[in-house]
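Engineer: can't give you the sequence, but here's the structure:
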Ligand code: HPA
Ligand code: ZN
């Protein structure tokens, strides 16, 4: 019980969450009504029952359907504000938030509508609670590199609101090298670089994300342990892994909480962090991820502090801001 309190109360940073994945079913229905968007589900309960995923793609299909209710800047604000309240309750002091512009621009919602709504909520949380935050724009890897380059172009008027770029959506069959040119361009622009790799895809995708995209963090990365040389390299170079345990269970990367490789990743000397990924879909916000893993696995207070420390060390906060938390 004391350990649970430590997990909940320790200051932490969240580095891997998709803001569209924080849309709770109740808010999806409220926004659908407000915007007169038709959903293929009759009720909140029916939608929630559809959250029985078999793999990443089965989740993504529902996640994109849920995001279809977001039309106006206020919708993006309300979604982000709801997430920030949960993050505050979980004592998240700093959040780096992914958003998927193409999920919106491909439906005719302007880039600015999405980012301005998200950014205004982050600004309010900073003013009201002192919570710090940053926005990472993700390219959808099932779409073309040309589409990603076009999205980068659209983002330029909002350059000051974006700290970096990432790569998400369907991993298998869409290796990092597909996006080598757009990531090179982002690096020239001074954007920080991350990519999802080694969630469902092979360890090789982690290696190519590092070597060809030059990413600074790996999102998920849990399959690295299949490749001992790669694991050693990640440990030696202190490449952070933003691990999302409940996501991995819900998307069947591991069968059950007790089968998760979090302890093995820590024992291998990796800079692991714990995150919620898509909290509305995977059964909990960041503290729920901590509590469920610590209940099921041989983890103690020292692991808790190490994970919290890692979350700040791996963040894109500047050295001075980081120092406050380390
Ligand atoms: N993996 C890939 N793409 C995603 C995810 C994820 O876990 N969540 C939202 N988009
Ligand atoms: Zn993710």
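Structural biologist: Great, that's in hand. Since this is a predicted model, take the numbers as computed values, not measurements. Ligands and ions are numbered 1, 2, ... in the order given.
Engineer: tell me the mean pLDDT over stretch 311-326?
Structural biologist: The predicted model gives stretch 311-326 an average pLDDT of 96.
Engineer: could you do stretch 58-69 as well?
Structural biologist: Stretch 58-69 comes out at a mean pLDDT of 98.
Engineer: in that stretch, what's buried?
Structural biologist: Residues of stretch 58-69 classed as buried: 59, 60, 62, 63, 64, 66, 67, 68, 69 (neighbour count, 16 or more other CB atoms under 10 Å). Every residue, glycine included, has its C-beta placed from N, CA and C.
Engineer: and the stretch 201-326 of the chain, which residues reach ligand 1?
Structural biologist: 247, 277, 278 (CB under 6 Å from any ligand atom).
Engineer: just these now: which is nearest residue 295?
Structural biologist: residue 247 (17.1 Å; CB to CB).
Engineer: out of everything not next to it in sequence, what's closest to that closest one?
Structural biologist: residue 277 (3.8 Å; CB to CB, 6 or more residues apart in numbering).
Engineer: roughly how far apart are the residue nearest to residue 297 when sequence neighbours are not counted and ligand 1?
Structural biologist: Residue nearest to residue 297 in three dimensions, not counting chain neighbours: residue 263, with 5.3 Å by CB to CB, 6+ apart. When distance is defined by CB to the nearest ligand atom, to the nearest Å, residue 263 is 21 Å away from ligand 1.
Engineer: who's in contact with residue 263?
Structural biologist: If you count contacts by CB atoms under 8 Å, 6 or more residues apart in numbering, residue 263 has them with 297, 298, 299, 303.
Engineer: in terms of pLDDT, where does the residue in the stretch 151-300 of the chain that ligand 1 sits nearest to sit?
Structural biologist: Residue of the stretch 151-300 of the chain nearest ligand 1, by CB to the nearest ligand atom: residue 168 (3.5 Å). We have a pLDDT of 98 for residue 168.
Engineer: tally of neighbours for it?
Structural biologist: Per other CB atoms under 10 Å, the neighbour tally for residue 168 reads 26.
Engineer: follow-up on the earlier one: looking at the residues of the stretch 201-326 of the chain next to ligand 1, which are in strands?
Structural biologist: Using DSSP state E to define strands, no part of those is located there.
Engineer: point out where this protein drops to low pLDDT.
Structural biologist: Within the chain, no stretch has pLDDT under 70.
Engineer: strands of that one, residue ranges please.
Structural biologist: 12-18, 92-99, 132-140, 164-168, 192-197, 217-220, 241-243, 272-274.
Engineer: any idea which of the ones you listed is most buried?
Structural biologist: strand 12-18 (a mean of 28; mean count of other CB atoms under 10 Å).
Engineer: what does the stretch 51-200 of the chain have sitting close to ligand 1?
Structural biologist: Checking the stretch 51-200 of the chain against ligand 1 by CB under 6 Å from any ligand atom, the hits are 56, 63, 168, 169, 196, 199.
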